[in-house]
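Visitor: Pasting a predicted model and its sequence here:
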Amino acid sequence: MKGGNGTSEEGISLNLNCPNCGGTVTSVEGQRTTSCPYCKSLLYIGGDRGVYTVMLRNNMDDPRVRSNLARWFDKGLKARDLPKQARVTEVYPIYIPYWRLMARAAGWVCGYREERHTDSNGHTHTKRVHMEKMVFRDFDWSQIACDPGDIGVDRLPSMKGQAVSHEEGGIPTFEATTSADSARAQGIESIRNMAISSARVPTVTYQKMHVIPRFLVLTFYPIWMCRYTYRGRTYFATMDGITGDSLSGRAPGDPLYQSLALVGGCAVGGVLAGFSLSILPYSPELGILGIVGGTVIFAIAFLFVRHGSEVTEGDIEKPYRKSLKGIIPGWGGI
């Protein structure tokens, strides 16, 4: 029964006009379909359904995080004395908000791939093989919903945790600073690009891709921040509050690994460039490609040594990647 304020036991009552006959149609908030009492037309009710919000339970504590951090010190190309010289100064949890969009992509991608072959006379021929691929599958997109600084965790780590209905233990929580509309638009465009890429058509000449959103959810994820010092410098690492795995971080590099990278890069790049020079008169295309490849390998090794005093993990841009962007157009990084 409706009350005087236009509400009912089920929710807010909405008065709409039928697009077919213009009659008044009454619907309860949250109802997706209804029928016109005058012309009996079946109507679909569109509009903003709001955003689901989920907070995942924090499963870690201070001792377990410190233990996992100690194991992280001993992995990768970090300084070999890091486990002994590092001094942990802060360990605390925070909740970071992430937008997550589940959507289905359906459409076609057309284009071609190039196949090269060399005949008995040494001439190279290029043939275009036309491709037509259909895409019909679900995609999962996520993006951080605030600006917590350069913590290197831009995407939702996982959805394996157990949801809770309120904040736990007074853990600091970052508020979302981006809107649901912008997140939905960005997610749809990203999923469209992912769907086109999943078709694996090297050169796309035509594509028609539809993205049907299923739901948008704002997820608050527990992440442990760890700060430590090494030889007078401050670094950080982040740990997953659900699984305990390392997510991102900065750590000092090791001079031995830098030296090996320089020697190996110079050797491989020099051999490849030298071999390419010897075949340049017989196969100009392969020769030029090999010379360029050898130069790039040498540049990567040099920049790794130059900027390799710090090791980064997670969604943190490596120092030498910035330099490579200025040298190689369209460089994706390593």
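Guide: Received, thanks. Numbering: from 1, shown residues only.
Visitor: ok, which stretches of this structure are strands?
Guide: In the chain, the segments counted as strands under DSSP state E are 13-17, 24-28, 33-35, 42-44, 52-56, 87-118, 124-144, 163-164, 203-230, 233-240, 246-252, 310-313.
Visitor: What strands flank the fifth one, and is each parallel or antiparallel?
Guide: Sheet pairing for strand 52-56, assigned by DSSP bridges, gives strand 163-164 (antiparallel), strand 203-230 (parallel).
Visitor: quick one: the residue nearest to Y112 when sequence neighbours are not counted from E115, how far?
Guide: Here the nearest residue to Y112 in space, its sequence neighbours aside, is R128; by C-beta to C-beta, 6 or more residues apart in numbering that works out to 4.5 Å. (C-beta placed from N, C-alpha, C; glycine too.) Plainly put, R128 is 8 Å away from E115 if you go by C-beta to C-beta, to the nearest Å.
Visitor: Check what pLDDT M239 gets.
Guide: On pLDDT, M239 comes in at 96.
Visitor: Phi and psi next, for A79.
Guide: phi -60, psi 130 (degrees, to the nearest 10).
Visitor: surely it meets R233?
Guide: No. A79 is beyond contact range of R233, at 10.9 Å (criterion: C-beta atoms under 8 Å).
Visitor: residues shared between the contacts of those two?
Guide: Shared contacts of A79 and R233 (C-beta atoms under 8 Å, 6 or more residues apart in numbering): P252.
Visitor: So for these two, which sits in the more crowded spot?
Guide: A79 (21 against 11; other C-beta atoms under 10 Å).
Visitor: who touches the residue sitting nearest the centre point of the chain in this structure?
Guide: Per C-alpha atoms, centre = their mean, the C-alpha nearest to the average position across the chain is that of R155, at 4.9 Å. Counting by C-beta under 8 Å, 6+ apart, R155 touches 98, 142-144, 315.
Visitor: how about a cut-off of 10 Å?
Guide: 98, 100, 141-144, 247, 314-315 (C-beta atoms under 10 Å, 6 or more residues apart in numbering).
Visitor: Return the member of those nearest to P213.
Guide: W141 (9.9 Å; C-beta to C-beta).
Visitor: How many residues are close by the closest one?
Guide: 22.
Visitor: Look up how far V263 lies from it.
Guide: 42 Å.
Visitor: what sits against M239?
Guide: Taking C-beta under 10 Å, 6+ apart, one finds 60, 64-66, 68-69, 72, 91, 93, 222-226, 245-249 in contact with M239.
Visitor: Need the nearest residue in space to it, chain neighbours excluded.
Guide: Nearest to M239 is W224, by C-beta to C-beta, 6+ apart, at 4.1 Å.
Visitor: do G293 as well
Guide: L272 (5.8 Å).
Visitor: burial measure for V65, as a count.
Guide: Applying other C-beta under 10 Å, we find 22 residues neighbouring V65.
Visitor: In this structure it contacts V91, no?
Guide: Yes. With contacts defined as C-beta atoms under 10 Å, V65 counts as touching V91 at a distance of 5.6 Å.
Visitor: Serialize the strands of the chain to a markdown table and add fields for distance to I291.
Guide: Output for the strands of the chain, formatted as a markdown table (distance: least, C-beta to C-beta, whole Å):
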| stretch | distance to I291 |
| --- | --- |
| strand 13-17 | 69 |
| strand 24-28 | 70 |
| strand 33-35 | 66 |
| strand 42-44 | 62 |
| strand 52-56 | 52 |
| strand 87-118 | 19 |
| strand 124-144 | 18 |
| strand 163-164 | 56 |
| strand 203-230 | 25 |
| strand 233-240 | 39 |
| strand 246-252 | 35 |
| strand 310-313 | 31 |
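Visitor: thinking again about what came up before, separation between the residue nearest to the centre of the chain and L101?
Guide: 12 Å.
Visitor: what's around the closest residue in space to L82 that isn't next to it in sequence, how many residues?
Guide: Nearest residue to L82, sequence neighbours excluded (C-beta to C-beta, 6+ apart): F73, at 4.6 Å. Neighbour count for F73, taken as other C-beta under 10 Å: 21.
Visitor: M194 now?
Guide: 18.
Visitor: and the gap between it and Y221?
Guide: 21 Å.
Visitor: Kindly report the same for P252.
Guide: Distance from P252 to Y221, by C-beta to C-beta: 28 Å.
Visitor: Which residue of those two possesses the greater neighbour count?
Guide: Taking neighbours as other C-beta under 10 Å, P252 and Y221 compare with Y221 leading, 26 against 19.
Visitor: so how far is T53 from the more buried one?
Guide: 12 Å.
Visitor: Give me the common contacts of those two.
Guide: Contacts common to Y221 and T53, judged by C-beta under 10 Å, 6+ apart, are P97.
Visitor: Does N68 touch A237 like I think?
Guide: Yes. In this structure, N68 is within contact of A237 by C-beta under 10 Å, at 9.3 Å.
Visitor: what residues are shared contacts of the two?
Guide: Contacts common to N68 and A237, judged by C-beta under 10 Å, 6+ apart, are 224, 226, 246.
Visitor: More neighbours: N68 and A237, which one.
Guide: For N68 versus A237, neighbours defined as other C-beta under 10 Å are more numerous around A237 (27 against 19).
Visitor: isn't I242 right up against P157?
Guide: Yes. I242 lies in contact with P157 (C-beta under 10 Å); the separation is 7.5 Å.
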